[in-house]
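**Student:** this one's structure only:
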């Protein structure tokens with residue numbers, strides 16, 4: 001057996017680590033509603049409108065009955081305390097109809113069912129990052145994943161770059177938005193990307209562009225094209 005010692009530099013801890021970011025994603029509910037939630041919200045809106053309509057009709061019928069009785073009695077101009085309480089009871093009936101008709105717990109039941117499905121999938125060693133995905137993944141009987149156990153798009157991309165000590169996100173690293181990068185450095189970078197690769201950028205007759213090569217080479221070539229480079233001119 002061999003022994004030794006080493007020094008480790010910890011750059012991120014807690015919620016800044018990849019595991020922390022994953023847990024933060026799980027804790028976030030998200031703004032996007034699932035297809036089931038959209039349909040249930042529509043049904044809840046229709047039920048609420050129908051309940052409000054019946055509540056108004058019920059209040060109108062009850063008040064008409066009381067006014068007709070007072071008209072026959074000849075006391076429609078004088079109101080007693082009992083009649084005021086009767087009117088208040090009619091209003092309470094209307095409010096009860098509206099409250100009962102509006103299904104406030106229906107969207108919550110969908111969220112709870114998705115959370116329950118997510119927990120059940122975790123017991124099967126399937127971790128779903130987005131709660132809304134359980135609506136579709138919950139009906140799956142077999143899940144085929146890679147060796148790391150994750151479902152990906154099978155497409156690599158450059159997410160961050162550091163050019164001349166300028167660190168930027170890949171989506172924002174455009175030539176027009178990076179005037180602080182010298183043209184000589186940008187030209188050398190593009191030549192290095194397009195020359196030192198086994199991949200190829202093919203433009204079809206319909207104008208559609210296709211990148212051929214390994215996933216890593218494809219990602220780097222896409223990054224070079226996003227910087228404004230031309231694959232054919234650098235060859």
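**Tutor:** Ah, there it is. Treat the numbers as computed from the prediction; the structure is a model and nothing was measured.
**Student:** now the strands for the protein?
**Tutor:** Read by DSSP state E, the chain holds these strands, from start to end of the chain: 160-163, 166-169, 200-203, 209-212.
**Student:** Average pLDDT for the first one, rounded please.
**Tutor:** In this case it means strand 160-163. Averaging pLDDT along strand 160-163 gives 81.
**Student:** so what strands line up beside it?
**Tutor:** strand 166-169 (antiparallel) (DSSP bridges).
**Student:** what distance separates the partner strand from the centre of its chain?
**Tutor:** Strand 166-169 has its C-alpha centroid displaced from the chain centroid by 26 Å (CA atoms, centre = their mean, to the nearest Å).
**Student:** same question for it, mean pLDDT?
**Tutor:** Here the average pLDDT along strand 166-169 is 76.
**Student:** Please name whichever of the strands of the chain is nearest to residue 98.
**Tutor:** Judged by CB to CB, the one of these that comes nearest to residue 98 is strand 166-169, at 49.6 Å. From N, CA and C alone the C-beta is placed, and that goes for glycine too.
**Student:** Which single helix of the chain contains the most residues?
**Tutor:** helix 35-73 (DSSP state H).
**Student:** among the helices and strands of this protein, which has the poorest mean pLDDT?
**Tutor:** helix 134-137 (a mean of 67; mean pLDDT, DSSP states H and E).
**Student:** Going along the chain, name the helices of this structure.
**Tutor:** Using DSSP H, the helices of the chain run over residues 18-27, 35-73, 81-101, 105-123, 134-137, 183-195, 215-226.
**Student:** Which one of those helices lies nearest to residue 158?
**Tutor:** Among those, if distance is taken as CB to CB, the winner is helix 215-226, at 4.0 Å.
**Student:** In that closest one, which residues are buried?
**Tutor:** With burial defined by 16 or more other CB atoms under 10 Å, the residues of helix 215-226 counted as buried are 217-226.
**Student:** cool, stretch 39-47 as well?
**Tutor:** By neighbour count on 16+ other CB under 10 Å, the buried set for stretch 39-47 is 40, 44.
**Student:** which regions of the chain lie under the pLDDT threshold?
**Tutor:** 1-3, 25-34, 76-77, 129-133, 135-141, 143-154, 170-180, 234-235 (pLDDT under 70).
**Student:** distance of the residue located most distally from the centre of it from residue 85?
**Tutor:** Of all residues in the chain, residue 74 sits farthest from the chain's C-alpha centroid, using CA atoms, centre = their mean; the distance is 64.2 Å. Applying CB to CB, to the nearest Å, one obtains 21 Å for the distance of residue 74 from residue 85.
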